[in-house]
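**Q** Sequence first, predicted model second:
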Amino acid sequence: MDMEKPPSPDPAEGCLTVAIRMPVRIVVLVLVVPVRIAWEALVAGGRFLHRAVLRPAGRALLWAAWALLVWPWVTLWRYALVPLGAGFAWLGRVLVAVPAEWVYRTVLRPLGRGAARVLRDIGAGLGWVSARLLAPVGHVLALLFKGIGYVLVAVGGGAYAVVAWLGRYLVAVPARWLHRSVLTPVGHGIARLARGLAGLVFVAATGCAAGLLWLLRVLLVVPATALWRWVLAPVGRVLVVVGREIGAAFGHAWRVAGYVSLAVGRFLGTLFRWIFLEPGRWVYRTVLTPVGHIVRDTVLRPAAEAARSVGRAARQMLAVARETARQTRADLRRALFGESRSSRRISLREPMAGETRTLGSRTTALTKD
């Protein structure tokens, strides 16, 4: 919330600014305060929605996307594709690479060396044929063609000299005379005529352009200058003042609306606290807490003690029942099979339960003579 003070007004402001400022600020304040309050409410609602709904929903969607889109592919890659790739690589090595290496080492390399040796021998034979047969024949043919070339150059040079002399005296000399005696004077005359015509056209165009510029100045520039100077500039200054005041009024109204919205929010918070929180707190402190203590002291604790007593009694009953069952099984065993030797032995460390021991004797008081 912007709580900064607006800049101090300029003491040299005109009466128009002072007359416009207060009505504009009042109207803008009336329009802006509801907008600012609605804006603050939307901001608070948006923050609550983001914190309570959108963020958990985004986390849930992210987790769901990870569980549905990423984790299956990771699992597929880790537990299916990688083992399959390792298996295929092993199969390719065993079935392709090792046999190919064996074929290359035992078959292709000896064949290649044999083929290279044969080709080297063939090349040596072709080199001997070229050096002994083809080179002399080529030298002879080169000398023959060189003589024929000299003859053709001599014949072509004479023919070129004849053609050049005929072209000079039949074409070049008449063309030079025609250019110097006929074409050059005609060209100079045409150039002078074109310069005269161009000067005449330039003078006519300059006069027309000057007339058009004067007419354009009289019909457009002077009215536009008068319109700008006496109408648009004053209206623009007024609109600038009005716009500046409207902007300042919007800023002032926004700050005032911030104060108003803060006060309204605090009032609503205090009203909610006094209407709901404080009565609920008083009811919890003065009613529910004593009632809870009474229920705990009068109902829950006696019920817990009774439950514990019942549990202890049940455990004792179960212990007595187990001891009775054990004694019964022992009596039946002695009745059916007789007393075993291990049961006849008397413990030398501790007496049996329910028996006492006399001083200096290993017998009980009931069996002592």
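**A** Okay, I see it.
**Q** The host helix or strand of Pro99: what's the following helix or strand?
**A** Following DSSP states H and E, one finds Pro99 within helix 98-103. Remark: after helix 98-103, the chain's next helix or strand is helix 109-129, criterion DSSP H and E.
**Q** now for that following helix, which elements pack on it?
**A** Using 3 or more C-beta pairs under 8 Å, 6 or more residues apart in numbering; DSSP states H and E as the contact test, no helix or strand touches helix 109-129. C-betas here are computed from N, CA, C, even on glycine.
**Q** Just the buried residues of the helix holding Pro99, please?
**A** Within helix 98-103, no residue is scored as buried using 16 or more other C-beta atoms under 10 Å.
**Q** And for stretch 264-277?
**A** For stretch 264-277, the neighbour count (16+ other C-beta under 10 Å) marks Val264 as buried.
**Q** Need the CA coordinates for that stretch. CSV is fine.
**A** Only the C-alpha atoms of stretch 264-277 are listed here, as CSV (Å, rounded to 0.1, in the frame of the first residue of the first chain):
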residue,chain,number,x,y,z
VAL,A,264,-12.3,-0.9,6.7
GLY,A,265,-10.2,-4.0,6.9
ARG,A,266,-9.2,-3.3,10.5
PHE,A,267,-12.8,-2.5,11.3
LEU,A,268,-14.0,-5.8,9.8
GLY,A,269,-11.2,-7.7,11.5
THR,A,270,-12.1,-6.2,14.8
LEU,A,271,-15.8,-6.8,14.2
PHE,A,272,-15.1,-10.5,13.3
ARG,A,273,-12.9,-10.8,16.4
TRP,A,274,-15.5,-9.4,18.7
ILE,A,275,-18.4,-11.2,17.1
PHE,A,276,-16.8,-14.7,16.7
LEU,A,277,-13.4,-15.1,18.2
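**Q** So what touches it?
**A** Applying C-beta atoms under 8 Å, 6 or more residues apart in numbering, the external contacts of stretch 264-277 come out as 37, 40.
**Q** any idea of the mean pLDDT for that stretch?
**A** Mean pLDDT, taken over the full extent of stretch 264-277, equals 86.
**Q** Measure how far that stretch is from the centre of its chain, please.
**A** 43 Å (C-alpha atoms, centre = their mean, to the nearest Å).
**Q** Check the offset of the helix holding Pro99 from the chain's centre.
**A** Using C-alpha atoms, centre = their mean, the distance from the centre of helix 98-103 to the centre of the chain it belongs to is 50 Å.
**Q** Kindly export it (C-alpha atoms) in PDB.
**A** Presented in PDB, the C-alpha positions along helix 98-103 are these (Å, rounded to 0.1, in the frame of the first residue of the first chain):
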ATOM      1  CA  VAL A  98      34.100 -61.700 -32.700                       C
ATOM      2  CA  PRO A  99      33.200 -63.600 -36.000                       C
ATOM      3  CA  ALA A 100      33.900 -60.500 -38.100                       C
ATOM      4  CA  GLU A 101      37.300 -60.000 -36.400                       C
ATOM      5  CA  TRP A 102      38.100 -63.700 -37.000                       C
ATOM      6  CA  VAL A 103      37.100 -63.400 -40.700                       C
END
